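1. okay, here's the prediction I keep looking at, along with the sequence it came from:
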Amino acid sequence: MSTGSGAPSAPAPTAPTTPASRRSSMFGSLKVRNYRLFFAGQVVSNIGTWMQRIAQDWLVLSLTGSATAVGVTTALQFLPMLLFGLYGGVLVDRLNKRRALLVTQSAMALTGIALALLTLSGHVHVWHVYLAAFAVGLATVIDNPARQSFVSEMVGPDQLQNAVSLNSANFQSARLVGPAVAGLMITGVGTGYAFLFNGLSFVAPIAGLLLMRARDLHVVERAPRGKGQLREGLRYVSGRPDLLWTITLVGFIGTFGFNFPVYLSAFADDVFHAGAGSYSLFNTLMAVGSLAGALLAARRGTAKLRVMIAAAVAFGALELVAATAPSLWLFALLMVPIGMFGMTINVTANTSIQMGTDPAMRGRVMALYMMVFLGGSPVGAPIAGWITDAYGVRAGLAVGGAIAAAAAVVIGLVLARLGNLRLSVGWHGGHPRVRFVPREKQEELAAAA
């Protein structure tokens, strides 16, 4: 662990693992009162967020009749993170994270309510939606790294893996509920009420933040205001191979492996000729797999990089298999393990980065992580779309899976070399066993053989 100056005390990890938390129950972090308040607030708010996403896209499509306009709305929501994400991390390291979240959550609530009033009054125009999407994106610049790094202040290092996993499970559960509720609300009473629900849903997380006990927080020393703090954060990551290569792998997976809006719609329409119902089924099954992956990560209680590498290899390999799936139902069933391994990558990377980062640097490092993770899709989606249009969606998904698997293998070997490890292949209990072991132990095994 480095000091607040950003100079790492060790040039490389001794093994491709992060400090592991003790094994805990699947819901162990919910025993912490402050985190329980935070989790309950996020249950309500995440459902509202998914409802607004669906209602926002539907409203733009209704106003313009243009799929391009829907894409512009999505781009405007992610653009602030790409432009200002690293600066947001610098600010988060200087700020009281609980107070920062009160401000950002309030800002997003007001945005949802304003959009609801415009829609319900019949005065909404597409530029209003564009402006609201951009405003939410600006709030996210602070909200994302603050929310990610505040988890460790609520639960401490022992329950961090569990809490990050439950956060992901929370989000994936809302992904199953929110769109369904939004669909019923849009057809029943209109999009305006979906926006209104989202705006009011922020009352829950704001109340949770206000009810927290400040004395129970694992407060870290905030970084003082100073020049060069952005460069300091980048130097910190570049001097820590375990962080640098983890973020690099997440970048490859996010850019080339997670372009499912492109792939799943094309498989439903062009390959299986099954329409919107199958597209919804694919997304639902992937969300089920993601929820299972998050709960398994919560039960596992450790954040080992070898788990992340193995999950990334399996994720890429399963995409290659799905690219050749001959039937709709086989393709649909493969969405479950793909979602599970994708979530395993996300949770393990998130936790290992948080646990391996100096608390004074955590905001900047998590901002870089979120910028790479969220910023990959705007870069990768056009590439995936071009390959799909030129060579077919099967080729597009296969290329994405191959790049993801290859990146995982290469980065796994790099981390193993940095950790002075070698690949060991043998038998254990009558079954083949493949693992990384220290070089000295590998030599002992060879001598014994």
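-> Done, it's in. Residues are numbered from 1 along each chain as shown.

2. rest of the way, CA atoms for contacts and neighbours
-> Fine.

3. mind listing the helices for the stretch 101-250 of the chain?
-> Along the stretch 101-250 of the chain, the stretches classed as helices by DSSP state H, counting those that start in this stretch are 126-155, 160-188, 191-201, 203-211, 229-238, 241-252.

4. Leu296: which of the ones you listed is closest?
-> Each of the helices of the stretch 101-250 of the chain has some distance to Leu296 by Cα to Cα; the shortest is helix 160-188, at 8.2 Å.

5. tell me which element the residue sitting nearest the centre point of the chain falls in.
-> The chain has Asn346 as the residue nearest its centroid, 5.5 Å off, counting by Cα atoms, centre = their mean. If you go by DSSP states H and E, Asn346 is part of helix 328-355.

6. now that helix: buried residues?
-> Across helix 328-355, burial judged by 16 or more other Cα atoms under 10 Å covers 328, 331-355.

7. swap in stretch 231-249?
-> Buried residues in stretch 231-249, counted by 16+ other Cα under 10 Å: 232-234, 236-237, 239-249.

8. name the nearest of those relative to Ala116.
-> Ala116 lies nearest to Ile247 out of those, by Cα to Cα, at 37.4 Å.

9. neighbours around Gly228, how many?
-> Gly228 is flanked by 9 other residues according to other Cα atoms under 10 Å.

10. would you mind measuring from it to Arg99?
-> The gap separating Gly228 from Arg99 is 24 Å, by Cα to Cα, to the nearest Å.

11. same check, this time on Ser278
-> Distance from Ser278 to Arg99, by Cα to Cα: 43 Å.

12. over to Ala367?
-> 18 Å.

13. between these two, which is the more surrounded one?
-> Neighbour count, other Cα under 10 Å: between Ala367 and Arg99, Ala367 has more, with 29 against 12.

14. the helix or strand containing that one vs helix 126-155, what angle?
-> Assigned by DSSP H and E, Ala367 belongs to helix 362-391. Between helix 362-391 and helix 126-155, the angle comes out at 130 degrees (axes from the mean of the first three to the mean of the last three Cα atoms, to 10 degrees).

15. quick one: average confidence on the next helix or strand after helix 362-391?
-> Downstream of helix 362-391, the first helix or strand assigned by DSSP H and E is helix 393-418. The average pLDDT within helix 393-418 is 91.

16. helix 393-418 versus helix 362-391: what angle between them?
-> 140 degrees.

17. who's in contact with the closest residue to Gln52 other than its chain neighbours?
-> Nearest residue to Gln52, sequence neighbours excluded (Cα to Cα, 6 or more residues apart in numbering): Phe195, at 5.5 Å. Counting by Cα atoms under 8 Å, 6 or more residues apart in numbering, Phe195 touches 48, 51-52, 55, 112-113, 115-116.
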